[in-house]
Structures are given as structure tokens and as C-alpha cells.
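# Generate coordinates for the sequence data below:
(chains A and B)
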Amino acid sequence: AQTVTQSQPEMSVQEAETVTLSCTYDTSESDYYLFWYKQPPSRQMILVIRQEAYKQQNATENRFSVNFQKAAKSFSLKISDSQLGDAAMYFCAYRSAGRQLTFGSGTQLTVLP
Amino acid sequence: DAGVIQSPRHEVTEMGQEVTLRCKPISGHDYLFWYRQTMMRGLELLIYFNNNVPIDDSGMPEDRFSAKMPNASFSTLKIQPSEPRDSAVYFCASRYSGTGVEQYFGPGTRLTVT
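Down below sits the predicted model:
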């Protein structure tokens, strides 16, 4: 069974600084997708970024980028120029073809002014 | 475009009562998912539908839970009778299998059973 592990229950970052959230996953599949979702206090689950396993290039969305290491089964999220609005719970998620999302346990990010 | 719509946003009920949660997926999406989120268990997939047909309900905790999708634009999750341990945030999400891989979530329903 696929598992997703987020080993950092909590992280903090100073406003305008950079922070990296870690995620590892376990799979025997070769075709899959990885996602980072953000859940602010409003509890809305918001898709931040996605990565297709067949793509070697790391995905980037504005201040958000990933470091995808397929051989190591690692998928970290880097947030640059952190803003107060980035404070949220961040979930890493995995989905292989024909299956549904598996979520990690989440990392609570605090942004310090 | 409207996102996934859920109602009610908050529900408080007494143990033993029937609770019905509602969801309207994004128009054109052919997959619909129901999740439950608690502090202890995180995000759990309860059931999902494809083209209005239930595909996998192995995550439904027990027979007190049931879900229906009578048409492409509406789904319900019913708990009867409700128990305090059902207190959680319930999310509905939808996805289009054609060109997208992303899954979009509704705002969630916070259920409190006293």
C-alpha cells in the first residue's frame, strides 16, 4: 500500500524567509502524481502545486516550488519570501493511476512577523 | 466558475439524530469523493463515485453511514443514527478524469454531535 510521510508536524519561518517542508512516499508504481495542499484556518483545502512523476523538471508556482527526487521517493515543498498568509497546515498527497489520493499527516506552518 | 459547494457549513445535532450532508461538484467533473477529517485520523477517504456510481465505499466506517449520488450535480452523505464520535469535518471533492489530475475540495461541513 502507498504511504505518505511528513516527518515535521510543525515548522516556523520568519516573514520574507524561505522554508522547506519535507515529504517522503512509498510506492512500487512508476506512473503517479504528487501534490501539496494547503489548509488555512478557514479549513478550505487548496491545491498549491502538483508534480507528475514522469517529469524530471521540478514544478514551480510563483513562490512555491518542489524538489522532486524520484529515486529517493522524496517530494519537498519550498516556500520563498514567506508571507503571513502562508500560515496553514500543508498536506503532501500521492496518487497513482487508477487509484485515489493518499495524504500525509500534515505540517503546521507558522509564519512569524 | 463555482467550486465544489457543500451545505451546511456547520451542523450541530444530538446523538441519535439523522444528519444529511450535501455536495454539489464542479460542473463537468465525473468523480466525486467524500472525506472525513479528524485530529486523530487525519484525512480519510470514505467513498467515491464515478459517473454517479459508487466505486469504493471501503472507507465508510459502518452501516450508519450511507452516500448517494442521484445525478451528476448532487450527492449526499447521511449518518443515521449519529454518535459523538462522528464529530469531524466532512469534505466533498470532485475531479475530472479527462484532462485534469487535480482534485478540488469543497469548504467542508463541521459536524458536532453532542
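# from chain A, which residue is nearest to chain B?
A:Met45 (3.7 Å; Cβ to the nearest Cβ). Any C-beta I mention is one placed from the backbone N, CA and C, and that applies to glycine too.
# And that residue, what's its pLDDT?
At A:Met45, the predicted lDDT confidence score is 93.
# mind listing what it touches?
Residues in contact with A:Met45 (Cβ atoms under 8 Å, 6 or more residues apart in numbering or on different chains) are A:37-39, A:91, B:91, B:93, B:105, B:108.
# 7 Å instead, please
By Cβ atoms under 7 Å, 6 or more residues apart in numbering or on different chains, the contact list for A:Met45 reads A:37, A:39, B:91, B:105.
# Chain A contacts on chain B?
With Cβ under 7 Å from any Cβ of the partner chain as the criterion, chain B meets chain A at residues B:33, B:42-43, B:45, B:48, B:89, B:91, B:101-103, B:105, B:107-108.
# How many neighbouring residues does the residue of chain B found nearest chain A have?
Across chain B, the shortest distance to chain A (Cβ to the nearest Cβ) belongs to B:Phe105, at 3.7 Å. By other Cβ atoms under 10 Å in any protein chain shown, the residues close to B:Phe105 number 22.
# Give me the phi and psi for the residue nearest to it when sequence neighbours are not counted.
Spatial nearest neighbour of B:Phe105, chain neighbours left out: A:Met45 (3.7 Å); criterion: Cβ to Cβ, 6 or more residues apart in numbering or on different chains. Backbone torsions of A:Met45, given as degrees, to the nearest 10, read phi -90, psi 120.
# what's the offset of stretch A:30-48 from the middle of its chain?
The chain centre lies 7 Å from the centre of stretch A:30-48; the measure is Cα atoms, centre = their mean, to the nearest Å.
# got any ranges where chain A has weak pLDDT?
For chain A, residues meeting the criterion pLDDT under 70 lie at A:1.
# Which residues are in contact with the residue nearest the centre of it?
Among the residues of chain A, the one closest to the centroid is A:Trp36, at 3.5 Å (Cα atoms, centre = their mean). Residues in contact with A:Trp36 (Cβ under 7 Å, 6+ apart) are A:48-49, A:77, A:90, A:92.
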